[in-house]
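Visitor: Just need the structure, nothing else, for what follows:
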Amino acid sequence: MTDLLTIEGLRTEFPGERRPFAAVDGVSIAVARGKTLGIVGESGCGKSMLSLSVMRLVPAPGRITAGRVMFDGQDLLKLPTSAMRDLRGRRIAIIFQEPMTSLNPAYTVGDQIMEAMKAHDKKGRNFRARAAAALDRVRIPAPDRRLDEYPHQMSGGMRQRVMIAMALSCAPDLLIADEPTTALDVTVQAQILDLLRDLQAQTGMAIVLITHDLGVVAEMADEVAVMYSGRVVERASAAALFDDPQHPYTLGLLGSVPRLEEKRDRLLAIEGSVPSAAALPPGCRFHPRCVFGAPACTAEQPPLRGLAPQHEAACIRAPVEALAA
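Guide: Below is the predicted model of the structure:
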C-alpha cells in the first residue's frame, strides 16, 4: 500500500531570546492511503504544531526550516502559496480542536459550509442543497433548517459535526483531526468517532488523528506515533504499541490509563512535565522524568531505531526487556 503523506525530517522553529527553538524537531512519519495514523502525547509535545506545519499554517514568527512534506508525490513545502491554498480544503482538510471557537458566531452554519465549497468550486451551483447534504451526511437532523442557524444555537456535539461537514465538503483525500472529541462528553465522543469511521469507509480518505486520549487511539488508529518534546519517540502499529510498548514514555502513558480489569488504589503518573522547547535537558529529553534513566541517557539524543518489523523507539535501553533489568 502506497503512502499518501510522508513527512521527512520536518523542523519548525520559533525565535528565542538566545537562539531559535524547535517546536517540531526532525519528525518523520507516513500515512497510508485509506488508513488512520494516531499521533499521541501530552500537551506541549508538538502534535498540533506538526499538523499546522503540514498545512503550512504555522503562526508567525514561526517557520519551517528543514524537511519535506510529500503529499501524493509533491512536496507541499515547495508549492507556491496559491497552489497550497487551493490544496487546503480540497484535498487536505483539518478539524481544529475547539468547535466552539472555530466557527464564526456572526455567520450561519450554512454560510460557513457554503463558503468552503465556493472557495474550491467557482462555477458550481446548488451550494445550499450540497451544504444540506453535507449536514445530513454527518447525521444532523433537519439539515435544511439547521443551515439557517447560528453556531450558538447548537450543542457542542452538533458544532463538531458541522466542523466535520465543512472539512469533508470537498471530499478530501486526507483529513487531519486535531483533538476532535476533547470538549465532548463520552456519549457524544463515541458518536463522533463512529461517524469518522463510517465516513472513512465510504470515502477511502486517510486520517491523521491527533489526541492525548489513548482510548481513542486504540479504537481508531492503524499506526501510532508517540511524540514527546517535539520528536517522535516511538512508532509502531497500534496492535504492537499497545501489546509491546518499547519506550519508557509510552509505558508511562499506558500505565496512567484506568483499566476495568485491574484494581488499583490510584493511577500511575509520570512525574514532572514536558520541558520547554527553549530549555531542553541534555541527551534524551525524557530522562529527567524516566524511572529507567541512567547516566548514559544524558550523553546524546537517541534516534529512532528498529526493534521489530515496523516498530521503532528512541531509547538507548530499549527493547523493553532491558528496562526491566
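Visitor: From here on, just use CA atoms for contacts and neighbour counts.
Guide: Will do.
Visitor: For the lengthiest helix in the chain, which outside residues touch it?
Guide: With secondary structure taken from DSSP state H, the chain has its longest helix at helix 186-203. Residues from elsewhere that reach helix 186-203, judged by CA atoms under 8 Å, 6 or more residues apart in numbering: 34, 138, 157, 161, 171, 181, 206-207, 220.
Visitor: same check, this time on stretch 222-232
Guide: Contacts for stretch 222-232 (CA under 8 Å, 6+ apart): 22-29, 35-42, 44-47, 217, 233-239, 241, 250, 274-277, 285-286, 304, 314.
Visitor: circling back: same question for the longest helix of the chain, mean pLDDT?
Guide: Rounded to a whole number, the mean pLDDT of helix 186-203 is 88.
Visitor: CA atoms of it as PDB?
Guide: Extracted C-alpha coordinates of helix 186-203, given in PDB (Å, rounded to 0.1, in the frame of the first residue of the first chain):
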ATOM      1  CA  VAL A 186     -18.300  10.300  26.400                       C
ATOM      2  CA  THR A 187     -21.500   9.500  24.600                       C
ATOM      3  CA  VAL A 188     -21.100  12.300  22.000                       C
ATOM      4  CA  GLN A 189     -17.400  11.300  21.700                       C
ATOM      5  CA  ALA A 190     -18.400   7.800  20.700                       C
ATOM      6  CA  GLN A 191     -20.800   9.100  18.100                       C
ATOM      7  CA  ILE A 192     -18.200  11.400  16.500                       C
ATOM      8  CA  LEU A 193     -15.700   8.500  16.300                       C
ATOM      9  CA  ASP A 194     -18.300   6.200  14.800                       C
ATOM     10  CA  LEU A 195     -19.100   8.900  12.300                       C
ATOM     11  CA  LEU A 196     -15.400   9.400  11.300                       C
ATOM     12  CA  ARG A 197     -15.000   5.600  10.900                       C
ATOM     13  CA  ASP A 198     -18.100   5.400   8.700                       C
ATOM     14  CA  LEU A 199     -17.100   8.400   6.500                       C
ATOM     15  CA  GLN A 200     -13.600   6.900   6.100                       C
ATOM     16  CA  ALA A 201     -15.100   3.600   4.900                       C
ATOM     17  CA  GLN A 202     -17.400   5.400   2.500                       C
ATOM     18  CA  THR A 203     -14.800   7.800   1.000                       C
END
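Visitor: Check which residues of that helix are buried.
Guide: Neighbour counts over helix 186-203 (16 or more other CA atoms under 10 Å) mark 188-189, 192-193, 195-196, 199-200 as buried.
Visitor: Let's see the PyMOL selection covering just the buried ones among the contacts of stretch 222-232.
Guide: Filtering the contacts of stretch 222-232 down to the buried ones (16+ other CA under 10 Å) takes a single PyMOL command:
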select buried, resi 22+23+24+25+26+27+28+29+35+36+37+38+39+40+41+42+44+45+46+47+217+233+234+235+236+237+238+241+250+274+275+277+285+286+304+314
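Visitor: Mind jotting down where the helices sit in the protein?
Guide: Using DSSP H, helices in the chain cover 47-54, 81-87, 99-102, 109-120, 127-137, 143-146, 156-168, 186-203, 214-220, 238-243, 248-255, 320-323.
Visitor: Nearest to Arg68, out of the ones you listed?
Guide: Counting by CA to CA, Arg68 lies closest to helix 47-54 out of the helices of the chain; the figure is 9.4 Å.
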